[in-house]
Each structure stands twice: as structure tokens, then as C-alpha cells.
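Trainee: here is my input; please provide its structure:
(4 chains)
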2 protein chains.
Amino acid sequence: MVMADDPPRRQPTLEAVAELAGVSRSVASRVLNNAPHVSQVKREAVERAVRELAYVPNPTARALATRQTGAAALVVSGEDPSIFADPFFAQVIVGASAALEEADLHLMLCLAATDRGRRRVEELLRGKGADGVMLMALRENDPLARTADEAEMPVVFGGRPVGSAPRWYVDVDNTGGAREATEYLLSRGRTRVAVICGRLDTEVGRARYRGYQDAMLAAGLEPFPPNEGDFTEPSGAAVMAALLLQHPDLDAVFAANDNMAAGALRTLREAGRRVPADVAVVGFDDLAAARMADPPLTTVHQPIAALGRETARMLAALIHGETPTPLILPTHLVRRASA
Amino acid sequence: MVMADDPPRRQPTLEAVAELAGVSRSVASRVLNNAPHVSQVKREAVERAVRELAYVPNPTARALATRQTGAAALVVSGEDPSIFADPFFAQVIVGASAALEEADLHLMLCLAATDRGRRRVEELLRGKGADGVMLMALRENDPLARTADEAEMPVVFGGRPVGSAPRWYVDVDNTGGAREATEYLLSRGRTRVAVICGRLDTEVGRARYRGYQDAMLAAGLEPFPPNEGDFTEPSGAAVMAALLLQHPDLDAVFAANDNMAAGALRTLREAGRRVPADVAVVGFDDLAAARMADPPLTTVHQPIAALGRETARMLAALIHGETPTPLILPTHLVRRASA
DNA sequence: GCTTCCAATGGGAGCGCTCCCACTCCCCTT
DNA sequence: AAGGGGAGTGGGAGCGCTCCCATTGGAAGC
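Mentor: Below is the predicted model:
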């Protein structure tokens, strides 16, 4: 006969610690939670027992008892999972992760791309699988917005969704950044400043176009109509080509993000236009790639890691019962060679 | 008098569902878990009750009872949190997330950069805060390797750690890829093929140098000594500059990743060497940036999303009690203009 | 010296679910 | 006709923790 094939050597429990320390579970629990009403002697006894047994509290049991999971979810929506492959999100995560760590919260990452994924997120929200949620990259009329709203759980938006402004959000000053970029182009004497928009079904896309528009109108110039790209390099190249055809005399272009600016640069190069001599180009995002572009891209820097950090901080505050206020992070122009 | 300020309107429980459906908790539980031994009538009654109450099972309670959290952790080690900002990880995550979704597992992301972060990971492992772990980017002698080993929990390594090969891992054929890249350079008639290594305290760095070495030796050529960069663009530029000084006659260079290749390209350009006419350059990784480099970079493609996907799949298999075998994913050369 | 108060303590009732097990029928063998 | 087997069912004991509450005893207040 063999031994039982499943040696149930389980983790020690609080009960075991208490017993070894010669105290009750209550006292042991208090020591672990750093709560008052424990004598120094027993406190030390418990600490010794914890060390001896290499005890680690079971987070699940604690979660059940306290009704707090100790986790925050970062939900990235969008039909295409590869939207997430954008280094943008990696940066956001670095920031969010750091802030969450400070608040002693774990990070659950949910890419709600497929139907199944969305359903799982929904269950997470409604089943209280996390203490709070950060919602990013929601599309127009995203059903997740409603679910999040109904779930009785703190929700912070990273970047405002299209249309309504939620109760709590952290966003970047897209309009201001776009305005600054356009004004800069104007200040360099350019007058025929074209624009390559991002998707206009996103708030980012709209806000950046708005900033461009503001600056043009303020300068008494006619803004170009919104030529829509989809934030990718090829779309930037395509829109640039179309622009060149319709307005051969343009002398500058503001692209709503760096990827599209890179595409524009490529088209311009292929068309034999010199940058910035013939056409000045400004992007938005200040990705690593912007620095390495040829020529290095003048672009609007946005604090991506800070966006993640502040979103997470706001969520943590909410979870702790505080009432933070929405936040808009500043952007600033980084001058390089392309404009 | 005001009403109680904390309306404890709680989620309905299984108990409530059972009561509404006129069955016992056991039966309701069976229905929810799709278990047998339930009559059709009661099954439907329970389903109706679930809908009526908009019942969602509490994952925490389930986790406590089953001793399964339903989550897998992806731990990214490394002293510098920004290592994670590398688009590499974003890709890995997309793959892992998809595979985890299929296995109905949630993704917990842990960036173990700070001491506090490492401690939290340790607690996660030892406290059974997840059903399994994927470990990536471990450094030499990383204490996490031991903790993971001791934790009685499935562990899969994404990329082998330096030195020991763990029981379960998914890796990319770094040596084969580097060999292929070098062979290609050789086959184009280059004979003075230099190398820019990655950090040699990582297995990736070593394996890629090994591949380069193999190819050189097989061709009867003297391999260059390992000139170590740290996988960043500036380090590639610096090593390239040093190389040019010591070996002005070199006619090709294999860089252990695309970032360093980009740096090399920059140095070469500044030194007035034409690529590929004077010096051919091959990178490794096939990042998006490689395509946009000037000239577009010939590089070794590695299936990053697949790495994430397979790592997650292996972990899921382990969690389900299966016994998978380690996996090495193929790489292949992508020919572009730089070589 | 006697009440008053509060720090210290441990018992016990949950938190919401799973799962073992005992029990009842009912159908199908021999 | 008696027995076995299994499907269907519900009760109850956990899972490991927190937290309320009753109890104790010694210090402080009068």
C-alpha cells in the first residue's frame, strides 16, 4: 500500500499560530492587523509563533471576512486586443502599479477585447471580485460604462469617455496640448497648417482636434476639416498623402499622435518634401519612437506614467472612503527637429 | 433622524436564490456549477431565480471553499520598473491574457521592482493568493526563483533564468536566432562580423552571444569578444563607437536586440558609414521600431505574443493537474534593408 | 473601601460558498 | 418478491479569517 497520494500538508492557520503562542485567535488576529488591546508579552509571543511556523495569512479568507479583496482592476477596453500592445499602456501600468503598491492593492489586468472578456469583466464588477476599477480606452457607448456605474464599486476613468464626464476621472490636457502645438507652428510663421486627426469616436481624437481648431481660429485662420486617421502609422501616411494631393501648398501638419506623425514623415519623405524646411510636423504623445524618428519629432509630451499613477491613487482614495476630485494632467511641447 | 447612513443592501446570496427557487443551497450550487444530479424542473427554477435576483456568485467565497483563487500572476522582476515599459511585455501580456481568458483565469500583474513589491509577491506566492505564477525577466540569483520553488504552486518561467533550467518554462530559440542572423551576414560575403551583446548576466544575452559564436566558429572565423551593452539604444550606440575605433575595418555587426541595433545605426550614420553598403546590421526582436528604422532593420523575429500565450497555457495546464513539457519557440530572420 | 472605567482577552457567530454524506425514492435485476 | 443501484435531494460541516460582545481584573477616582 502506498501512502495517501495527496499529502494535505496545508499552510498553518491563524488558529495554529494562536495555539503555539498560547493565546486566542482574536489576540493573534489583532497582532497581525496591528490593532490595539494586546499586551506586549502576547504580542511578542504571537510574533514568535508567526516566525516559527512561517505563517502567512490567507488573503482569500481575509477577503471573505472583510468584504475587501485587496485588488484593483485595470480594464482596457477596445475591440482589438493589440490596441494594448501600444507602449502607452505599458507606461500607464508602470505608474498604476507603483501607486497601487503604495496602497497595498494588487493589480488585476483585464483586456476586455472579446465578448468573453467583457463578460468576465462584468462578472468581476458585479461579483465584487475587486475593490475598485480603473477604466481605460472605453469606446463610445461602451456597455462597460453602464456596468461600472451600476456596480457598487469605486470606478475611476483614465481618460474621459466620449460624451459624458464621469464622476471621477484623470485625464491629460489634450485640448491644451494640441492648441500649444498648433500655436507653436503658427508662431514659426507657418500659415497653412493641416491636421491629421485621431479617431473622432474617441474623446482624445476630438479633444486634440478641438485644440487645433481653437488655435487656428484664434489666429484668424481657417482650420482644415477633420481628416480622420485611426492613430496608426499607416493611417497617418495615408491621410498625409491625401492632404498633399488636396493642398499641395501646406507648410505644416499637426498629427494627433506620434504614430501618425511617423507615417506623415514617411509620406513626406517619399514625396520629396523636406522636413521641416518645406513642411513642419508636430506629433502628440512623445513616445520613445519620436526621439528616434528621422528627423526627431517635435511633439506634445503627455505624462503617461503619471496618468496611471494618479488614476490608481484616485481609486485608492475612493476605496479608502475619501472623496477626491477629478484631475487633468498638464502636457507640454517638446521641441525637436521636425518643426 | 436620518436613515442609517450605510444602507447595507448586499448582493443576493446563493441562499437567497435557493429560497426563491424553492430548493436547497446544494441544488442551487450544483446548477451554478453545471454539476449532475439535478432534475430539469429544479434546474430551471434555479436559473429563473438567478435571473430574477441578478445573482452573481461571490468569487471570494468560492475561492475560500475550493482553495482556488481563479487567478494567475504574471511577475516581472528587474530592479528598474521601466524595464517593463518595453513594448516587449505589452505583447507578452496580450498573449498571456488571451490564453488565461480561455482557461477562465484572471491575470494579476506584479512588477517586482521595489523591495516592497518583492515582498508582496512573496506573500502572494506563499499565501496562495493565486493559483499559479508566471515568472519573467528574473535576474541572476533572483530570490524570487527560490520563493517560487518553495511555494507549493505551479510556476512557469517565461524565458529561462540564468544557469539552471527550471522544471517548466517557455523560451524563444535565442541561440538559433542569433546563429541564423550571423550565418546570413556571413552568407552575404561579410567576414568581419562584430557583435554587440546584451547583458551577459541574463540568459538571453548569453544565448544570443552563443549563437553568434557558433556561427563564426563554424565558418572558421574568429568571433569578436563579447562587447556588452545593456539592451538600450544608447548602449548600442556606445558599443558601436568603441567597436569602430578598435576595428575600423568591420563590415557587419550583429546586435543582440533592436534597440541596440538602432543605436548602432545612429553611430554608423554619424561616422559616415553607409548601411548596408559599408556595414551590414542585423538586430533581434523585430519590434515595430525595427520596421521604421532608417534603413529598415533586418532582424530576428521572435514570437512575443506566442511566448506569453504559451507560458499562460502551460500554467493553466499545470493548474489543471496536467504535466506539460517545456517549450522552445522558433525564431526566424526577417530580411529588410540593413543587411 | 467601593464604584467606575477601560485595557486585555477569548468565545462565537458569521462572511458566502462547496462538498461530503445520509436519506429517500424508484427502476431494474435476479 | 426481495434486493441492489443510482439519481435526486438537503443538511451540515467546514474553508480561514474578522469582529462583536461578554467577561475579567487591576488601576484610578471619590
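Trainee: please count neighbours and contacts with C-alpha atoms only from this point.
Mentor: Noted.
Trainee: for the stretch 51-200 of chain A, which residue gets nearest to chain B?
Mentor: A:M108 (4.4 Å; Cα to the nearest Cα).
Trainee: give me the neighbour count for that residue.
Mentor: 23 (other Cα atoms under 10 Å in any protein chain shown).
Trainee: so which elements touch the helix or strand containing A:R119?
Mentor: Here A:R119, judged by DSSP states H and E, is contained in helix A:115-126. On a contact count with 3 or more Cα pairs under 8 Å, 6 or more residues apart in numbering or on different chains; DSSP states H and E, helix A:115-126 meets strand A:106-111, helix A:143-150.
Trainee: DNA strand C: which of the ones you listed is closest?
Mentor: Counting by Cα to the nearest atom of the strand, DNA strand C lies closest to helix A:143-150 out of the helices and strands packed on helix A:115-126; the figure is 17.7 Å.
Trainee: show me the contact partners of that closest one.
Mentor: A:118, A:122, A:125-126, A:133, A:138, A:155 (Cα atoms under 8 Å, 6 or more residues apart in numbering or on different chains).
Trainee: quick one: average pLDDT of it?
Mentor: Mean per-residue pLDDT for helix A:143-150: 82.
Trainee: now do the nearest residue to A:A71 once chain neighbours are set aside against B:R336, distance only.
Mentor: Spatial nearest neighbour of A:A71, excluding adjacent residues (Cα to Cα, 6 or more residues apart in numbering or on different chains): A:H106 at 4.3 Å. Distance of A:H106 to B:R336, computed by Cα to Cα, to the nearest Å: 42 Å.
Trainee: ok, A:A16 next?
Mentor: 64 Å.
Trainee: and those two? Which one has more around it.
Mentor: Counted by other Cα under 10 Å, A:A16 and B:R336 do not tie: A:A16 has more neighbours, with 18 against 14.
Trainee: show the subsequent helix or strand relative to the strand or helix carrying the more buried one.
Mentor: A:A16 is part of helix A:14-21 when elements are defined by DSSP H and E. Later in the chain than helix A:14-21, the nearest helix or strand by DSSP H and E is helix A:25-32.
Trainee: now do that following helix against helix A:14-21, angle only.
Mentor: Per axes from the mean of the first three to the mean of the last three Cα atoms, to 10 degrees, the angle that helix A:25-32 makes with helix A:14-21 is 90 degrees.
Trainee: chain B contacts on chain A?
Mentor: For chain A, the residues in contact with chain B (Cα under 8 Å from any Cα of the partner chain) are A:56-61, A:63-64, A:69, A:81-82, A:84-87, A:89-91, A:94, A:97, A:101, A:106-111, A:116-117, A:123, A:126-129, A:289, A:293-294.
Trainee: returning to what we had before: name the nearest of the contacts of helix A:143-150 relative to B:I328.
Mentor: When those are compared for distance to B:I328 (Cα to Cα), A:R118 wins out at 31.8 Å.
Trainee: and the closest one, what is it in contact with?
Mentor: A:112, A:144 are the contacts of A:R118 under Cα under 8 Å, 6+ apart.
Trainee: can we see that at 6 Å?
Mentor: Neighbour list for A:R118: A:A112 [criterion: Cα atoms under 6 Å, 6 or more residues apart in numbering or on different chains].
Trainee: the residue in the stretch 201-339 of chain A positioned nearest to DNA strand C: neighbouring residues, count only.
Mentor: For the stretch 201-339 of chain A and DNA strand C, the shortest gap (Cα to the nearest atom of the strand) falls at A:I319, measuring 18.1 Å. If you count neighbours by other Cα under 10 Å, A:I319 ends up with 20.
Trainee: kindly report the same for A:E150.
Mentor: Other residues near A:E150 come to 11 when the count uses other Cα under 10 Å.
Trainee: and chain A, which residues reach DNA strand C?
Mentor: A:22-27, A:36-42, A:61, A:64-65 (Cα under 7 Å from any atom of the strand).
Trainee: overlap between the residues you listed and the residues near DNA strand D?
Mentor: Near DNA strand D, by the rule Cα under 7 Å from any atom of the strand, you find A:25-26, A:61, A:64-65 out of the residues of chain A next to DNA strand C.
Trainee: and the pLDDT at the closest residue to DNA strand D within the stretch 151-300 of chain A?
Mentor: Distances between the stretch 151-300 of chain A and DNA strand D by Cα to the nearest atom of the strand are smallest at A:M153, namely 18.0 Å. The model reports A:M153 with a pLDDT of 91.
Trainee: check A:D5 too.
Mentor: We have a pLDDT of 39 for A:D5.
Trainee: now do A:P8
Mentor: 52.
Trainee: same question, A:D115
Mentor: Looking at A:D115, its pLDDT stands at 89.
Trainee: same check, this time on A:M292
Mentor: 77.
Trainee: contacts only, for it.
Mentor: Taking Cα under 6 Å, 6+ apart, one finds nothing in contact with A:M292.
Trainee: do the same with A:A165
Mentor: Contacts of A:A165 (Cα under 6 Å, 6+ apart): none.
Trainee: in helices, which of the residues of chain A next to chain B fall?
Mentor: If you go by DSSP state H, those have A:59-61, A:63-64, A:87, A:89-91, A:94, A:97, A:101, A:116-117, A:123, A:126, A:289 in helices.
Trainee: buried only: go through these for me.
Mentor: Taking 16 or more other Cα atoms under 10 Å in any protein chain shown as the criterion, what is buried in those is A:59-61, A:63-64, A:87, A:89-91, A:94, A:97, A:101, A:117, A:123, A:126, A:289.
Trainee: what does stretch A:201-208 rub up against?
Mentor: A:161-162, A:174-175, A:178, A:198-200.
Trainee: ok, those vs DNA strand C, which is closest?
Mentor: Distance to DNA strand C across those (Cα to the nearest atom of the strand) is lowest for A:P161, with 31.9 Å.
Trainee: quick one, what contacts that closest one?
Mentor: A:138, A:203.
Trainee: coming back round to it: so which elements touch the helix holding A:A16?
Mentor: Contact analysis of helix A:14-21 by 3 or more Cα pairs under 6 Å, 6 or more residues apart in numbering or on different chains; DSSP states H and E lists helix A:25-32, helix A:40-53 as its packing neighbours.
Trainee: let's test this: mean pLDDT of the shortest one, rounded?
Mentor: Helix A:25-32 carries an average pLDDT of 95.
Trainee: thanks a lot, catch you later.
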